[in-house]
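Chemist: give me a 3D structure for the following:
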Amino acid sequence: MTCVFGYILPSLESLGEEEKLRYHAVYCGVCRSIRARYGQRCRLAVSYDMTFLALVLGSLYEPQERLLQKRCPVHPVAPQEIAQSEFTDYAADLSVAMAYHKCLDDWRDDKSAKAKAASAALAMPYRKAKKRIPQACAAIERAMGDIHAIEDAVMGGGAEPCAASAIEQNPDAAANRFGMLLGDLFAYKNDFWATDLRRFGARLGKFVYVMDAVMDLRQDRETGSYNPFASSGLEREECREDLELLAAATADAFERLPLERDVHVLRSVLYSGVWQRYNAEESKVEHG
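Modeler: As a prediction, this is how the structure comes out:
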């Protein structure tokens, strides 16, 4: 469960029509940047997660945007609003890099032939991404290595006994490391705002990692896969309070950023969107 994404979703029902169009324009901007930089097939790497990153950085730095209307294979009938900037380009590079490592992670965990084929297909695009964002890709590689070592230590994968013991006493180790990674990716410019962006990214990353662990808890116990809560005796519903505390810390770091543009769209993600999958699962349980 190393490379975790898929929870940083917009809450569309809380947005007005103009805000929905704005979110969609940036999402399409990331998608179009992926196509321009890596080719048509790599557009499958587009994600809500990297769209959120592009929106946050765009709101903070307010770069000049390229606004256009284009048709695409997904929307062939009507032209779509598209907003592109240096941050949709950065999000496109990260999308390819994270997709590549997600495929490697799936292959490592499940020995999935599909994941192995996908990682092979993304190998050349990833090499391009490493040339464009070398520091970010180096940070991803270091973090993935560290998190794999943490997971292997807990699962008895050959770590030194003292290291494994220390990690078992700190079940947050992998979540904290994933948070550090996301903090590094948000602190793109390493400038005056880097500390605040790194704090926000770190808290968001930890929340997402823990959320994914909570959501996968029952399945991971059945399969014997790594999960920081596996030996805790807790069930998913008992982890809600911990998740709420992590979400509150993330929101606090977000509100420290001097954001104005798209701020309601961003809040819809942090205050509601990140809970959508959790709430949907709880609703399924309640209604049988």
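
Chemist: helices and strands of this protein: which one bottoms out on pLDDT?
Modeler: With mean pLDDT, DSSP states H and E as the measure, the helix or strand of the chain carrying the lowest mean pLDDT is helix 161-168 (a mean of 45).

Chemist: that one: what's the following helix or strand?
Modeler: helix 173-186 (DSSP states H and E).

Chemist: can I get the CA coordinates of that following helix in CSV?
Modeler: Output of helix 173-186 as CSV, limited to C-alpha atoms (Å, rounded to 0.1, in the frame of the first residue of the first chain):
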residue,chain,number,x,y,z
ALA,A,173,6.4,5.6,10.5
ALA,A,174,5.2,4.8,6.9
ALA,A,175,2.3,7.4,7.1
ASN,A,176,4.8,10.0,8.2
ARG,A,177,7.2,9.2,5.4
PHE,A,178,4.5,9.3,2.8
GLY,A,179,3.5,12.7,4.3
MET,A,180,7.0,14.0,4.0
LEU,A,181,7.0,13.0,0.3
LEU,A,182,3.8,14.9,-0.4
GLY,A,183,5.3,17.8,1.5
ASP,A,184,8.3,17.8,-0.8
LEU,A,185,6.2,17.6,-3.9
PHE,A,186,4.0,20.6,-2.8
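
Chemist: any idea how far that helix is from the chain center?
Modeler: 10 Å (Cα atoms, centre = their mean, to the nearest Å).

Chemist: where does the prediction get shaky in this protein?
Modeler: 1-4, 156-171, 285-288 (pLDDT under 70).

Chemist: and with 90 instead?
Modeler: Filtered on pLDDT under 90, the chain yields the residue ranges 1-6, 70-80, 105-116, 151-172, 190, 217-239, 280-288.

Chemist: just the helices in it please.
Modeler: 17-38, 48-61, 86-110, 113-132, 134-154, 161-168, 173-186, 194-215, 217-223, 240-255, 263-271, 276-286 (DSSP state H).

Chemist: wait, which of those helices is closest to Phe5?
Modeler: The closest approach between Phe5 and any of the helices of the chain, judged by Cβ to Cβ, belongs to helix 48-61 at 4.5 Å. The way it works is simple: take the backbone N, C-alpha and C, and place the C-beta from them, glycine included.

Chemist: before I go, just wanted to say thanks for your time.
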